[in-house]
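Asks: Turn this into a structure:
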Amino acid sequence: MASTKVKAIVIRSSNVKDKDKLLHIYSLEQGKMLVSMRGVRGEKAKLKSAKEIFCFGEFIIENTKNTNIVTSVSIIDNFYDLSKNIDKYYEACAILDIIDKVVQEPDPQLFIIIIKALKALCYDDVKKFYVIDKFLLDIFSAMGCNFITERCSSCGATLGSRYLNLDIGELVCPACKTLSSVAVSDACYSVLRILSSTPYDKLTTLKFGGMGEAQAFNLLSKNYEWRTGYSMINLI
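Replies: Sure thing, here's the model as predicted:
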């Protein structure tokens, strides 16, 4: 049987049979994959620490006719400290859920972003929603939707007042707004612009406060729901 080595993170798992586990992983080399871990729920299972969500490591996978079976895992990080803070845990779970729902193909840049986002949540004292906000901005950018611009995406005019056209996921001017457009305040746009330009490992330096911070999360959540049909509210 052929075997494959991938660097991946566990994004979802479910129990099957008596002691097996079915994992959805997102890998650097092959994108989203469905793999099986046999006997891993047993007390003395060698790979039991690799079966949980957030496990990031190098997976050796045997490619059989019916399924892909994990035979070895070299763990790089399991982001254990996420379990010690309920807010960070749910924010991290939301990141994995987004990947599970909207990403299929391999994307090396996005893979690095996922790991950076989880590291920021796990190890840094980042204010609530800053990581998920920046991550959503990165996801929208990967979708081709640019939030950070000084010109209307429809007519090219310099933006004074800004509106998010949910149909296209980009900013437009008052003349180009439609019934599916929502206003973007200056405070909200300032938060989005700063988050977009700040590396994940520097998010601890940011403290916004005020209405702009709340508006940024609400706007990004609304755009995510419009783009994908899935709600962010149930995740965090």
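
Asks: Kindly export the helix or strand where residue 121 lies (C-alpha atoms) in CSV.
Replies: If you go by DSSP states H and E, residue 121 is part of helix 108-123. Only the C-alpha atoms of helix 108-123 are listed here, as CSV (Å, rounded to 0.1, in the frame of the first residue of the first chain):
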residue,chain,number,x,y,z
PRO,A,108,0.2,27.1,1.6
GLN,A,109,-0.3,30.7,2.6
LEU,A,110,-3.7,30.0,4.2
PHE,A,111,-2.2,27.0,6.1
ILE,A,112,0.4,29.3,7.6
ILE,A,113,-2.3,31.9,8.5
ILE,A,114,-4.3,29.2,10.4
ILE,A,115,-1.3,28.2,12.5
LYS,A,116,-0.4,31.8,13.2
ALA,A,117,-4.0,32.6,14.2
LEU,A,118,-4.1,29.6,16.6
LYS,A,119,-0.7,30.5,18.1
ALA,A,120,-1.9,34.0,18.8
LEU,A,121,-5.0,32.7,20.5
CYS,A,122,-3.2,30.0,22.5
TYR,A,123,-0.1,31.9,23.6
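
Asks: So for it, what gets flagged as buried?
Replies: Buried positions in helix 108-123, judged by neighbour count with 16 or more other C-beta atoms under 10 Å: 110-111, 113-122. No exception for glycine: its C-beta is placed from N, CA and C like everyone else's.

Asks: what is the mean pLDDT for it?
Replies: Average pLDDT, helix 108-123: 97.

Asks: Packing partners of that helix?
Replies: Judged by 3 or more C-beta pairs under 8 Å, 6 or more residues apart in numbering; DSSP states H and E, the packing partners of helix 108-123 are strand 2-16, strand 20-27, helix 86-102, helix 130-142.

Asks: what about those, which gets the closest to residue 72?
Replies: strand 2-16 (8.9 Å; C-beta to C-beta).

Asks: partners of the closest one in the sheet?
Replies: strand 20-27 (antiparallel), strand 56-63 (antiparallel) (DSSP bridges).

Asks: what does whatever helix or strand comes next after the last one contact?
Replies: What it means is strand 56-63. Per DSSP H and E, the first helix or strand lying C-terminal to strand 56-63 is strand 68-77. The contact list for strand 68-77 (C-beta atoms under 8 Å, 6 or more residues apart in numbering) reads 3-4, 7, 23, 33-38, 47, 49-50, 55-62, 119.

Asks: Write the ChimeraX selection for whichever of these are buried.
Replies: Selecting only the buried entries of these in ChimeraX, with 16+ other C-beta under 10 Å as the criterion:
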select :7,23,33,35,36,37,38,47,50,55,56,57,59,61,62,119
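
Asks: the longest helix in the chain is where?
Replies: helix 210-228 (DSSP state H).

Asks: Give me the buried stretch members for that helix, please.
Replies: For helix 210-228, using 16+ other C-beta under 10 Å, the buried residues are 212-213, 215-217, 219-224, 227.

Asks: where's it relative to the chain centroid, distance-wise?
Replies: 15 Å (C-alpha atoms, centre = their mean, to the nearest Å).

Asks: List the buried residues in stretch 143-162.
Replies: Quick answer for stretch 143-162 (16+ other C-beta under 10 Å): 145, 147, 152-154, 159, 162.

Asks: What's the end-to-end length of it?
Replies: By C-alpha to C-alpha, to the nearest Å, the extent of stretch 143-162 from end to end equals 20 Å.

Asks: what's the model's confidence in that stretch, averaged?
Replies: 92.

Asks: what residue ranges in the chain score low on pLDDT?
Replies: 1, 233-236 (pLDDT under 70).

Asks: Would you mind measuring from the residue nearest in space to the middle of it to residue 223?
Replies: Against the mean C-alpha coordinate of the chain, by C-alpha atoms, centre = their mean, the closest residue is residue 95 at 3.2 Å. Shown here: residue 95 relative to residue 223, a distance of 16 Å by C-beta to C-beta, to the nearest Å.
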